[in-house]
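> structural data only, the sequence is not supplied:
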DNA sequence: GTCACAAACTGACTAAATCACTTAGCCTTT
DNA sequence: AAAGGCTAAGTGATTTAGTCAGTTTGTGAC
């Protein structure tokens, strides 16, 4: 079963991006230009571009052009077509985080660099006055993973947390305790600053367990 | 900025799948049928379907139809357009696994059910004679995550390991030690069977560290 | 009953347009 | 000279109408 024209075209376009040394935000040739270059028609080009769009490899801007997307170099992705959220799925998510994040926090405590501390501080203090939407509080957990020095860990956490963005307000209603959130985040940062891996791990587990309990005791929804 | 027709169409098709109670393998209406139903043209339908194809939500079978894909209910995905592998990216991956998998193994040790042990045994014994391609040895690690009882953890590990499938043979050349692999897997299973979380965690860390060292000492490639 | 074949479905792709939006430059106005 | 509005070129978004290429299924000959 030979790969379809659309599949080969997708790879070719990725080749153009990579061989051209293009990064997120850079423009790629227009659909008409690509159609001419590969001697095919624009609907076919668009199909290939749509596939790349679905994974965040490219972005369309109507009237302007097509640009390299932010997640083109990602290894794992949050499913953009993920199923609707339920209370069970939220509990499943927090349980998974409860397994993964303490280990990440421990790693971040030993590997963190000065600039990570700065960014963590910023994420903690900005959480009380969210500038970029309701999901900003989750930024802390992504920054914590970033401090591990391993971009892959950051990707995994960011992908997991992106799930919650859409229904963040709904969750806020169940667990809106910014003060405690803030205090616990602050404590984790201090442990990371002190490079105390065991303490960072313990505090992170405690923090997530608090959230889990709050969600668990909340009434069913959706 | 209102969502484009293509975006709304994608959601509508997902609605058809979910409202129809369709699961992986089930057929969805043909492109022409969908075009008629939404009063649009087939190229537009195909664009929407291509986006769903990119995330594994649907699959095309030329001449037969379009079917619900295996990962439609996934929360995280392996990027199908991920960048080419390098030695550095492999080390980054193994480092991330070194952080995550020991914690998963500990959880699996306490949460495992009898059927998980069966599947783990099967994965260990089949690893020596791979039936379904060269990537079969990685199955063990996915099964280990499955034993945690949290499908999300299984998804995360499966997505991380899918990265390696494509270049698995290349990696095999660097670290082809099936005997030791097999022994170490076996030891982890025993710890999981005994529900010894600390031991499962330790053995998993040791196992991955062995792999890491083998890759690290290998010559540069690609 | 079994096999070959032909319709009828399906996806894959083409061709040539038109509409909608953005951008940049020019030109007017101040 | 600076500010604002207009216009034209370039781009994505979508349509229309068809052809080609696989797959499935039922029918009829054997």
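On my side now, so go ahead. Keep in mind that this is a model prediction, so the values were computed, not measured.
> buried ones in stretch A:92-110?
For stretch A:92-110, burial by neighbour count (16 or more other Cβ atoms under 10 Å in any protein chain shown) applies to A:92-109. (Each C-beta comes from the backbone N, C-alpha and C, glycine too.)
> can you narrow the residues you listed to ones near chain B?
A:92-93, A:95-96, A:99-100, A:102-104, A:107 (Cβ under 8 Å from any Cβ of the partner chain).
> of all these, which comes closest to residue B:149?
The closest of those to residue B:149 turns out to be residue A:95 (Cβ to Cβ; 8.7 Å).
> that closest one in helix, strand or coil?
helix (DSSP: H, G, I helix; E, B strand; the rest coil).
> cool, residue A:195 as well?
On the three-state scheme (three-state DSSP), residue A:195 is labelled coil.
> dump the residue contacts of the closest residue to residue A:124 other than its chain neighbours.
In space, and not counting its chain neighbours, residue A:124 is closest to residue A:185: 4.7 Å by Cβ to Cβ, 6 or more residues apart in numbering or on different chains. Neighbouring residues of residue A:185 by Cβ atoms under 8 Å, 6 or more residues apart in numbering or on different chains: A:123-124, A:127, A:140, A:207.
> tell me where chain A has strands.
All strands of chain A, identified by DSSP state E, fall at A:27-28, A:58-61, A:65-68, A:76-78.
> how is chain A divided into domains?
A:5-68, A:87-216 (automatic domain parsing).
> so which of the ones you listed comes closest to residue A:74?
Nearest to residue A:74, of all the domains of chain A, is domain A:87-216, at 5.6 Å by Cβ to Cβ.
> compute the first-to-last residue distance for that closest one.
Domain A:87-216 stretches 8 Å from its first residue to its last (Cα to Cα, to the nearest Å).
> what sits closest to the residue nearest to the spatial centre of chain A if chain neighbours are left out?
Nearest to the geometric centre of chain A sits residue A:158, at 2.6 Å (Cα atoms, centre = their mean). By the measure of Cβ to Cβ, 6+ apart, the closest residue to residue A:158 outside its immediate chain neighbours is residue A:142, 5.0 Å from it.
> over to residue A:204?
Setting aside the residues directly before and after it, residue A:204 is nearest to residue A:105 in space (Cβ to Cβ, 6+ apart), at 4.0 Å.
> list the contacts for the residue nearest to residue A:158?
Counted by Cβ under 8 Å, 6+ apart, residue A:142 has contacts A:154, A:157-158, A:161.
> returning to that earlier point: distance of the residue nearest to residue A:204 from residue A:8?
43 Å (Cβ to Cβ, to the nearest Å).
> next: residue A:139.
Noted for residue A:139: a distance of 39 Å to residue A:8, by Cβ to Cβ.
> the more surrounded of the two?
Each of residue A:139 and residue A:8 has its neighbours counted (other Cβ atoms under 10 Å in any protein chain shown); residue A:139 has more, 21 against 13.
> picking up where we left off before, among the contacts of residue A:142, which one lies nearest to residue A:43?
The nearest one, if we look at those relative to residue A:43 and count by Cβ to Cβ, is residue A:158, at 33.4 Å.
> ok, that closest one to DNA strand D distance?
Using Cβ to the nearest atom of the strand, to the nearest Å, one gets 25 Å for the distance from residue A:158 to DNA strand D.
> dump the residue contacts of that residue.
A:78, A:142, A:145.
> what number of residues are in the vicinity of the residue of chain A found nearest DNA strand D?
Taking Cβ to the nearest atom of the strand as the measure, chain A has residue A:30 as its residue closest to DNA strand D, at 3.2 Å. The number of residues packed near residue A:30 is 13, by other Cβ under 10 Å.
> quick check: it touching residue A:63?
No. Contact status for residue A:30 versus residue A:63: not in contact, 11.3 Å apart, counting by Cβ atoms under 8 Å.
> list residues touching both of those two?
Residues touching both residue A:30 and residue A:63 by Cβ under 8 Å, 6+ apart: none at all.
> for chain A, which residues are neighbours of DNA strand D?
A:30-33, A:42-43, A:46, A:60-66 (Cβ under 7 Å from any atom of the strand).
> thanks again, I'm all set now.
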